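Participant: Next input, structure requested:
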Amino acid sequence: MSLARGIELRPLTSTKGGMTSFYTPQTSDQTILVQIGPHTIEDLFVHKAQTDQLLVVKGCLVLVTLINRCYEYVALSDCAPVVAIIPPGVLHGAINLNEEPCVIVNAVLRHGAPSVRDYIPRSRPMPYDLAAVQAVLREFEANTTPAIVSSPVP
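Facilitator: Purely as a prediction, here's the structure:
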């Protein structure tokens with residue numbers, strides 16, 4: 001499933017070996033394990049020379065992107081193995097409204113030298129629409145497939 005400006009949600013396929021499932025490996029230049037604490041609302045980040053490939057391995061979160069002055073909210077969970085691919089130049093953040101931490105694997109693709117500025121949070125032009133965040137979480141819980149809700153930034 002592709003979203004605006006090349007954001008992509010790629011379902012993982014798996015093969016069975018006995019009782020074990022082996023999921024599609026992701027090519028990467030660097031692998032980062034990220035933990036997002038409970039009740040966390042992150043500001044935005046943007047990377048100039050890297051593609052993030054995010055896979056939730058424990059818990060649930062809402063990925064936020066800001067594209068064309070519109071926030072897009074996507075629910076991701078360990079219940080539905082999907083890789084969210086965020087290309088360079090896309091502002092993105094994360095929201096974890098749950099009681100438990102969320103753990104993500106980021107299989108980073110480098111397109112140049114990393115910059116210190118890539119990891120400095122950017123201020124949100126407007127607050128996130130938490131009603132839209134709750135709506136995307138409800139939709140996800142009802143269907144267990146990634147749901148997307150857009151919310152224009154005035």
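
Participant: Leaving out chain neighbours, which residue sits closest to Ala75?
Facilitator: Spatial nearest neighbour of Ala75, excluding adjacent residues (CB to CB, 6 or more residues apart in numbering): Phe140 at 3.6 Å. Where C-beta positions appear, they are placed from N, C-alpha and C, glycine not excepted.

Participant: SS state for the one you found?
Facilitator: helix (DSSP: H, G, I helix; E, B strand; the rest coil).

Participant: check contacts around the closest residue to Val46 other than its chain neighbours.
Facilitator: Excluding the flanking residues, the one nearest Val46 by CB to CB, 6+ apart is Leu91, at 4.8 Å. Residues in contact with Leu91 (CB atoms under 8 Å, 6 or more residues apart in numbering) are 44-46, 65-67, 122.

Participant: Could you do Cys79 as well?
Facilitator: 60, 144.

Participant: and it, how far is that from Tyr73?
Facilitator: For Cys79, the distance to Tyr73 equals 17 Å [CB to CB, to the nearest Å].

Participant: just to revisit the earlier point, the residue nearest to Val46 bridge partners, please.
Facilitator: Leu66 (DSSP bridges).

Participant: roughly how far apart are it and Glu99?
Facilitator: Leu91 sits 27 Å away from Glu99, going by CB to CB.

Participant: Can you pull out the low-pLDDT segments for the protein?
Facilitator: Scanning the chain with the threshold set as pLDDT under 70 gives 1-6, 146-149, 152-154.

Participant: Need the residue in it that's farthest from the chain's center.
Facilitator: Centroid-distance maximum for the chain: Gly18 at 30.7 Å, with CA atoms, centre = their mean.

Participant: Quick check: phi and psi on that one?
Facilitator: Backbone torsions for Gly18, taken as degrees, to the nearest 10, come to phi 70, psi -120.

Participant: Excluding residues flanking it in the chain, which one is nearest the most centrally placed residue in the chain?
Facilitator: Centre of the chain computed as the mean C-alpha position; nearest residue by CA atoms, centre = their mean is Leu63, 4.0 Å away. Spatial nearest neighbour of Leu63, chain neighbours left out: Val74 (4.6 Å); criterion: CB to CB, 6+ apart.

Participant: Many thanks, have a good one.
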